[in-house]
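Enquirer: I'd like to go over a predicted model; first the sequence, then the structure.
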Number of protein chains: 2
Amino acid sequence: MSETGVLSVVGIGPGAQAQTTPAALEAIARAHLVVGYRTYVQLVRHLLEGKEVVQTGMTEEIGRARAAVERARDGARVALISSGDAGVYGMAGLVFEVLREMGWKRGNSPALEIIPGIPALSSCASRVGAPLVHDHCAISLSDLLTPWPVIVRRIEAAATADFVIGLYNPASGRRTRQIVEAQTILRRHRPGATPVALVKSAYREGEQVVLSDLDRFLDYEIGMLTTVIVGSSQSFVFEGYLVTPRGYGNKYTFDGEVLPGQQPGRSLRLAEEG
Amino acid sequence: MSETGVLSVVGIGPGAQAQTTPAALEAIARAHLVVGYRTYVQLVRHLLEGKEVVQTGMTEEIGRARAAVERARDGARVALISSGDAGVYGMAGLVFEVLREMGWKRGNSPALEIIPGIPALSSCASRVGAPLVHDHCAISLSDLLTPWPVIVRRIEAAATADFVIGLYNPASGRRTRQIVEAQTILRRHRPGATPVALVKSAYREGEQVVLSDLDRFLDYEIGMLTTVIVGSSQSFVFEGYLVTPRGYGNKYTFDGEVLPGQQPGRSLRLAEEG
C-alpha cells in the first residue's frame, strides 16, 4: 500500500472511562486496528465494535510493537494502547526503537501521534491524598530489562536527596526480592515512621489503598498491580491521607501574612542567613 | 449552613479540551463555584456559564485555597482547578494544609475529591517523543518556597543516578540564576551532548518544542511556561524525537529472540556474570 497510515500510541489512564481523555478515546475510535496487552484492551472493550483487535500477553511487547508499526506503515490507522501514560514505562519507547530499526524517517508512513494519559503515579497519588506536590521520582523495580545495580543506585540517590519516591513494578509472583532490598536501602536513609502508601488498581475494580510506613509496609500484599509511594521527610499523614506540602509554611502564615525576614516573589531566605 | 459541601481539587491537564478527562469536566460542571489562577480559569471558560468564578493571581495561592475550602465547608460545591495535575506542584497539597489547620476530620464537610489530570511532564514529553519511558524525576527549580540547597542536592542526586530529569519552573522574569546553576551541576555528571528538550505551552496556543543538548540549551528562551527534560545516559535523539528506551535491547533482538545467556521473565543477567 502507498497510503500513509497513522500510528497512535495511546495512554488510556488508569482504566476508568472518566479518567481517559477525549483525545485517547478519539484515537481508538478512529483506528482500524487496536493493539494492546489483553488487560488494557479489555478496559476499552466498549469502544472496539467493528474493529480488528490484537490482544497479546505481557511478554510479547516487541512483537506487539512491530505488528502495530508495520500495519500502520502499510496504511492502516492503528492505536497501540497502554494503561497509564504510554510514555511512562509504556509502549512509546519501543515504538521509536522499532521505527529506528526499520529506517523510518519523519514524513514517511506511518504518521505518529503520542497521546498522553494519566500516569499510574498520578492516579494512585490522587486516591491517597497529595503525596506528589513536591519533587518526586519514578523508579521501576523490575530488573527484567534493567541491571539491578542501576536500580539500586537510583533508590539510594532518591533516598538521600529526599525525593518522594514512586515505585513501579514493585513485585510479581516470581520477583519478590527487590521490594525487600528497596526497603532496606530506604530504611538506611529515612526513619521507619516515614509514611508509605500502597495503591492497587486505582479507579478499577478491586481498588485498594493502604497507608503504612517504611518499617511495616511489607506486611501488606504487594504485587504487579501495586504502586508504592514513599513519602519524603516533609510528607505527613492527615486523616488517612498522605500529603507532601509545597512549602508555603516556610514563607507564609495561614492568613497569607509573610513571615519575618521573607519576601514574596523572592528566594526563600534560610534561617542561617536571617 | 449545615449541608455537606464538596471540594473537588481538579487537574485540567495541559489546557486543551481533548486532554482534559471527563471526570475533571464533570467536577467543573457540577460546581457552584470555580476557583483558580486566572490563566487556568480561562482555559475552561466555556464551562463556566452561570457559575460563580473566583480568579486570582499567581501569588495568592493561600487565599485561593482557603476561600475554596471555606465555601465548600459551608455547603457549596467548589472546584479548585490547577493546570496539569493538581497533585503535582498543584493546589492539592495546600488544600490539605488548610484543612488540617482548621481541624477538619473525615466525614466533616466538605467531602473531598482529588481528580488527577495529565501532568505537565507527561504532556510535554508526548510532544517531543518518549523521554520518560524509564526512571525519571521531577524537580522544581523555584526557590521561592524551597531552600536552594535542597534543590541542588536533588539535581546532584538525579544527575549521578542517571535519572531522566524534568525541571519544572526553570526560570521566570526575575528568577534566572537557577537554570544556569542546574546546567553547571548536570554538566559535571553528564556529557555536553546529552539531549535536552524544552517544551513550552504543550497543547496550547504558542506551543514550542526545542531539542537541544546540555551544552547549548541555555541559548534558547526558557521561562515560566517551559518544562525542561534532560535525557539520561540511555536517551537518544531520533528524527527530531527524544527517546529513552525501556531496555528491551538488553535482552532481546528485534525479532523477539532472546539474547544468549538471558531468560524471559528472569532478572537481566549482567555481562560479568555471563
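Expert: Happy to help now that I have it.

Enquirer: quick one: low-confidence parts of chain A?
Expert: A:1-2, A:58-59, A:271-274 (pLDDT under 70).

Enquirer: Kindly recompute the last result at 90.
Expert: Residue ranges of chain A with pLDDT under 90: A:1-3, A:15, A:37-47, A:55-64, A:173-174, A:248-250, A:252-257, A:264-265, A:269-274.

Enquirer: for it, what spans make up the helices?
Expert: A:22-30, A:38-43, A:61-73, A:92-101, A:120-128, A:148-160, A:177-189 (DSSP state H).

Enquirer: Most tightly packed of those?
Expert: helix A:120-128 (a mean of 28; mean count of other CB atoms under 10 Å in any protein chain shown). For glycine as for every other residue, the C-beta is placed from the backbone atoms N, C-alpha and C.

Enquirer: thinking again about what came up before, will you turn the helices of chain A into TSV that also has distance to B:Arg64?
Expert: Formatted as TSV, those follow (distance: least, CB to CB, whole Å):
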stretch	distance to B:Arg64
helix A:22-30	28
helix A:38-43	35
helix A:61-73	44
helix A:92-101	35
helix A:120-128	20
helix A:148-160	31
helix A:177-189	35
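
Enquirer: Any chance of JSON lines for those helices, columns distance to chain B?
Expert: Putting these into JSON lines (distance: least, CB to the nearest CB, whole Å) gives the following:
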{"stretch": "helix A:22-30", "distance to chain B": "4"}
{"stretch": "helix A:38-43", "distance to chain B": "14"}
{"stretch": "helix A:61-73", "distance to chain B": "5"}
{"stretch": "helix A:92-101", "distance to chain B": "3"}
{"stretch": "helix A:120-128", "distance to chain B": "4"}
{"stretch": "helix A:148-160", "distance to chain B": "3"}
{"stretch": "helix A:177-189", "distance to chain B": "9"}
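
Enquirer: Where do the strands of the stretch 151-274 of chain A begin and end?
Expert: A:164-168, A:195-200, A:208-213, A:226-230, A:236-238, A:241-243 (DSSP state E, counting those that start in this stretch).

Enquirer: partners of the second one in the sheet?
Expert: I take that to be strand A:195-200. strand A:208-213 (antiparallel), strand A:226-230 (antiparallel) (DSSP bridges).

Enquirer: Just tell me which of these ends up closest to B:Ala193.
Expert: Nearest to B:Ala193, of all the strands paired with strand A:195-200, is strand A:226-230, at 33.4 Å by CB to CB.

Enquirer: out of the strands paired with strand A:195-200, which comes closest to B:Gly107?
Expert: strand A:208-213 (16.8 Å).

Enquirer: what's that closest one in contact with?
Expert: Contact with strand A:208-213 is made by A:127-128, A:192-201, A:217, A:219-220, A:237, A:240-242, as judged by CB atoms under 8 Å, 6 or more residues apart in numbering or on different chains.

Enquirer: which among the residues you listed end up buried?
Expert: The neighbour count (16 or more other CB atoms under 10 Å in any protein chain shown) marks A:127-128, A:194-201, A:217, A:237, A:241-242 as buried among these.

Enquirer: Tell me which two of these sit farthest apart.
Expert: A:Thr194 and A:Ser201 (24.1 Å).

Enquirer: picking up where we left off before, make a markdown table out of the strands of the stretch 151-274 of chain A and add distance to B:Ala171.
Expert: A markdown table is the format used below for those (distance: least, CB to CB, whole Å):
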| stretch | distance to B:Ala171 |
| --- | --- |
| strand A:164-168 | 24 |
| strand A:195-200 | 33 |
| strand A:208-213 | 37 |
| strand A:226-230 | 29 |
| strand A:236-238 | 30 |
| strand A:241-243 | 28 |
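
Enquirer: how about these, which one is nearest A:Ala111?
Expert: It is, among these and with distance given as CB to CB, strand A:164-168, at 29.8 Å.

Enquirer: at contact distance from chain B, anything in the closest one?
Expert: No. Strand A:164-168 lies out of reach of chain B by CB under 8 Å from any CB of the partner chain, never closer than 8.7 Å.

Enquirer: Can you check what angle separates that strand from helix A:148-160?
Expert: Per axes from the mean of the first three to the mean of the last three CA atoms, to 10 degrees, the angle that strand A:164-168 makes with helix A:148-160 is 150 degrees.

Enquirer: strand partners of strand A:164-168, parallel vs antiparallel please.
Expert: strand A:136-140 (parallel), strand A:226-230 (antiparallel).

Enquirer: Could you list everything A:Phe238 pairs with in the sheet?
Expert: Bridge pairing for A:Phe238 - DSSP bridges - gives A:Tyr241.

Enquirer: Pull out the buried positions in stretch A:164-180.
Expert: A:Val164, A:Ile165, A:Gly166, A:Leu167, A:Tyr168, A:Asn169, A:Pro170, A:Ala171, A:Ser172, A:Arg175, A:Gln178, A:Ile179.

Enquirer: ok, now how distant is the last one from A:Gly36?
Expert: Spelled out, it's A:Ile179. 27 Å (CB to CB, to the nearest Å).

Enquirer: now the fifth one
Expert: According to CB to CB, A:Tyr168 stands 18 Å off from A:Gly36.

Enquirer: list the contacts for the nearest residue to A:Glu60 once chain neighbours are set aside?
Expert: Leaving aside its sequence neighbours, A:Glu60 sits nearest to B:Gly256 (CB to CB, 6 or more residues apart in numbering or on different chains; 7.6 Å). Residues in contact with B:Gly256, defined by CB under 8 Å, 6+ apart, are A:Glu60, A:Ile62, A:Gly63, A:Arg66.

Enquirer: same question, A:Gln234
Expert: A:Gln234 touches A:His134, A:Asp162, A:Thr244, A:Pro245, A:Gly247, counting by CB under 8 Å, 6+ apart.
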